[in-house]
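Asker: Generate a structure from the sequence data that follows.
(chains A and B)
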Amino acid sequence: MRKVTESDLPGVGVRFDLQTNSGRAVGVVVHQSGRRDLVVYDDRDIDRAAESVELSEDEGHTLGELLGGSPVLEHLDDAVHRLEDLVISWVEIGAESSLAGLTLAEAALRTRTGAGIVALVSDSGSIPIPGGTDRLDGGDTAVVVGVPSAVKAATRLLTRPNN
Amino acid sequence: MHAGGDLLVLELGAVVLGLAIVARLARRVGMPALPLYLLVGLTLGEGGLVELPASADFIEVGAEIGVILMLLMLGLEFSPHELVVNVRRSTLAGVTDLVLNSAPGLAAGFLLGFDPIVAVLLGGVTYISSSGIVAKLVADLDRIGNHETSVVLSVLVIEDLAMVLYLPIVTGVLFGGSVLSTTVAVSVSLAAVLAILGVAYVLGDRLSDIALSHSSEALLLTLLGVTLVSAGIADRLNLSTAVGAFVVGVALSGDIVSHARGLLLPLRNLFAAVFFVFFGLQVDVRLIPGVAAVAAAIAAASVVTKVATGWIAAGRAGIGTPGRVRAGAALVAHGEFSIVIAELGIAREGDLGALAATYVIILTVIGALLYQFSDAITVAGLKRRSRASR
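Answerer: Predicted coordinates:
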């Protein structure tokens, strides 16, 4: 992964900067409110945001996926960030997944892969810290946390038919 | 209802309507509204055009609430952790800022023969930039992503935190008695501030969870109640109400913050405007011509020292020339906190009010213009230099 530098914006959020091989600089401002700004820096005045596009949290996730960023490394807060190997991924549960329709207890994802589900998001609302009786439904999104290999294994189980 | 009641409402309505008009005007020309609020206060105050016999008391109470709400909202911007991290990282920039920028006010205070404590207040007035105005300018001009912005915000955080230590000290000295009792009072109040911040640092999350409520009405009342009680206790301890409110804001963190901001912002806007009017009311307008030249001179010195502060701080962060100029220009605007500080000494030294009002009006306007046109200024400067070197 390329080196991303991080700067605090007290009272606003965090800014991440990335220097591309072609010599351009781009950045992302993550606001505390969840808003993201995609920033393209000026060629001649490298510190100036020549273009700044405001994105909602959703739009940011979409753009991230378009750019090939799944599993997404999310900067949540210092406590999480310090665990450098931790990956958080938003996984849409496939309707044909062998786990679809099962409760968390039945799916036993943590025992099988080592990755845990910390939230379930569906059209009807989200369940933070779901319990064993909460159900994995096709089309809902599971927020999966773990080391990269565990998250990868869990993602495979949640998205693909029996294997 | 008593006889004065009707007049109170009418007067108050007229004042608020006046503020509405100037706020629209400010928006139209892309300037901060604060200097115009001060002007409204000045025209209504002592020696001004009209006086406000019925609503003066109400405005005074409103002003006090305005200061409390401003500091509460400021505190909400920061979590205790963020403050600690920032102080650790930006100490050097903070010290440069303090030394360079309190100098013009201190020097002027002594040259004018003010009491030492009033000179210290004037030093505070010139030291502190307006985080409110700067944040608004940054957002309006779409410069949040600029590299120098993180430097600017860090400097502002240190300033705001310095205020929290500065206010109880000067309040203690202003209202204290003998040297010994004042020293004791100041040490006690500083220890109290640090202790409360420490508690907030450790327990902030839990307290926020307790305060959180799904009813916005209940949440608003909880926030206001806790803040006013805390400010009141601080006041009883001679700590300055503002600090009591700030600490509550810092202690709150997590989910509650965004709700709280949404609920409090309209109230803050109203009462902060009332505070600026109140400050203007207290200033004897007839004193202004006498201090205008001094105010302009201090303002000019502050432009130099603030630009230098931003230039140095941004340079240390590896930012290029145009960004360094922008960082300097961003810090020039002075505003709400200069007025909060000056307010403390206005009873002791009438000239301080007139001086601070004039100074802030000059610097908000110049600061906004400098920041807006800083790139053009850099280009012009670079051109001149290259022509000179040829």
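
Asker: how close does the residue of chain A most remote from its centre get to chain B?
Answerer: Distance to the chain centre peaks in chain A at residue A:44, reaching 32.9 Å (criterion: Cα atoms, centre = their mean). According to Cβ to the nearest Cβ, to the nearest Å, residue A:44 and chain B sit 9 Å apart. From N, CA and C alone the C-beta is placed, and that goes for glycine too.

Asker: looking at this, that residue is in a helix?
Answerer: No: assigned with DSSP: H, G, I helix; E, B strand; the rest coil, residue A:44 falls outside any helix and is coil.

Asker: what's the distance between stretch B:321-341 and the middle of its chain?
Answerer: In terms of Cα atoms, centre = their mean, to the nearest Å, the centre of stretch B:321-341 is set 12 Å apart from its chain centre.

Asker: That stretch and chain A, are they touching?
Answerer: Yes: Stretch B:321-341 lies within reach of chain A by Cβ under 8 Å from any Cβ of the partner chain, at B:322-323, B:326.

Asker: Now the residues you listed in TSV, please, with extra columns for pLDDT.
Answerer: TSV is the format used below for the residues of stretch B:321-341 next to chain A (pLDDT from 0 to 100):
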residue	pLDDT
B:322	93
B:323	94
B:326	95
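
Asker: picking up where we left off before, now the residue farthest from the centre of chain A: how far from residue B:375?
Answerer: 11 Å (Cβ to Cβ, to the nearest Å).

Asker: re earlier: any chance of the residues of stretch B:321-341 next to chain A in TSV, with secondary structure too?
Answerer: Below are the residues of stretch B:321-341 next to chain A laid out as TSV (three-state DSSP):
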residue	secondary structure
B:322	helix
B:323	helix
B:326	helix
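
Asker: So among these, which ones count as buried?
Answerer: B:322-323, B:326 (16 or more other Cβ atoms under 10 Å in any protein chain shown).

Asker: and which of these is nearest to chain A?
Answerer: Of all these, chain A sits closest to residue B:323, with 3.4 Å by Cβ to the nearest Cβ.

Asker: Which secondary structure state is assigned to the nearest residue to the closest one once chain neighbours are set aside?
Answerer: For residue B:323, ignoring the flanking residues on the chain, the nearest one in space by Cβ to Cβ, 6 or more residues apart in numbering or on different chains is residue A:47 at 3.4 Å. Here residue A:47 is recorded as coil under three-state DSSP.

Asker: Please export the C-alpha coordinates of stretch A:44-51 as PDB.
Answerer: Provided in PDB are the C-alpha atoms of stretch A:44-51 (Å, rounded to 0.1, in the frame of the first residue of the first chain):
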ATOM      1  CA  ARG A  44       1.800  24.700  -8.900                       C
ATOM      2  CA  ASP A  45       0.700  25.500  -5.300                       C
ATOM      3  CA  ILE A  46       0.900  22.000  -3.900                       C
ATOM      4  CA  ASP A  47      -0.800  23.000  -0.600                       C
ATOM      5  CA  ARG A  48      -3.900  24.500  -2.200                       C
ATOM      6  CA  ALA A  49      -7.000  22.400  -2.800                       C
ATOM      7  CA  ALA A  50      -7.700  23.200  -6.400                       C
ATOM      8  CA  GLU A  51     -10.900  21.200  -6.400                       C
END
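
Asker: Now that stretch: buried residues?
Answerer: Quick answer for stretch A:44-51 (16+ other Cβ under 10 Å): A:45-49.

Asker: Can you tell me the centre-most residue of chain B?
Answerer: Closest to where the C-alpha atoms of chain B average out (Cα atoms, centre = their mean) is residue B:337, at 2.0 Å.

Asker: and that residue, what element?
Answerer: Taking DSSP states H and E as the definition, residue B:337 sits inside helix B:336-345.

Asker: Just list what that helix packs against, helices and strands only.
Answerer: helix B:56-77, helix B:116-127, helix B:131-140, helix B:147-175, helix B:255-282, helix B:350-372 (3 or more Cβ pairs under 8 Å, 6 or more residues apart in numbering or on different chains; DSSP states H and E).

Asker: Identify the spatial nearest neighbour of residue B:367, chain neighbours not counted.
Answerer: residue B:333 (3.0 Å).

Asker: Tell me if stretch B:201-210 is near chain A.
Answerer: No: figure legend: stretch B:201-210 not in contact with chain A (Cβ under 8 Å from any Cβ); closest approach 11.3 Å.

Asker: starting at the chain centroid, how far to that stretch?
Answerer: Counting by Cα atoms, centre = their mean, stretch B:201-210 comes out at 27 Å from the chain centroid.

Asker: residues in contact with it?
Answerer: B:79-81, B:84, B:200, B:250-257 (Cβ atoms under 8 Å, 6 or more residues apart in numbering or on different chains).

Asker: same thing but 10 Å
Answerer: B:79-81, B:83-84, B:197, B:199-200, B:222, B:226, B:248, B:250-257, B:260 (Cβ atoms under 10 Å, 6 or more residues apart in numbering or on different chains).

Asker: Count the neighbours of residue 19 for me.
Answerer: Just going to use chain A. With neighbours defined by other Cβ atoms under 10 Å in any protein chain shown, the count for residue A:19 comes to 16.

Asker: Wait, chain B was what I had in mind.
Answerer: 21.

Asker: and what of the one 4 residues further on?
Answerer: Burial measure for residue B:23: 16 neighbouring residues, criterion other Cβ under 10 Å.

Asker: swap in residue B:250?
Answerer: Count around residue B:250 with other Cβ under 10 Å applied: 26.

Asker: show me what contacts it?
Answerer: Contacts of residue B:250 (Cβ under 10 Å, 6+ apart): B:71-72, B:74-80, B:82-83, B:161, B:164, B:196-197, B:200-201, B:204.

Asker: Report the rounded mean pLDDT for the helix or strand hosting residue B:207.
Answerer: Using DSSP H and E, residue B:207 sits in helix B:179-211. Averaging pLDDT along helix B:179-211 gives 74.

Asker: Cool, thanks, signing off.
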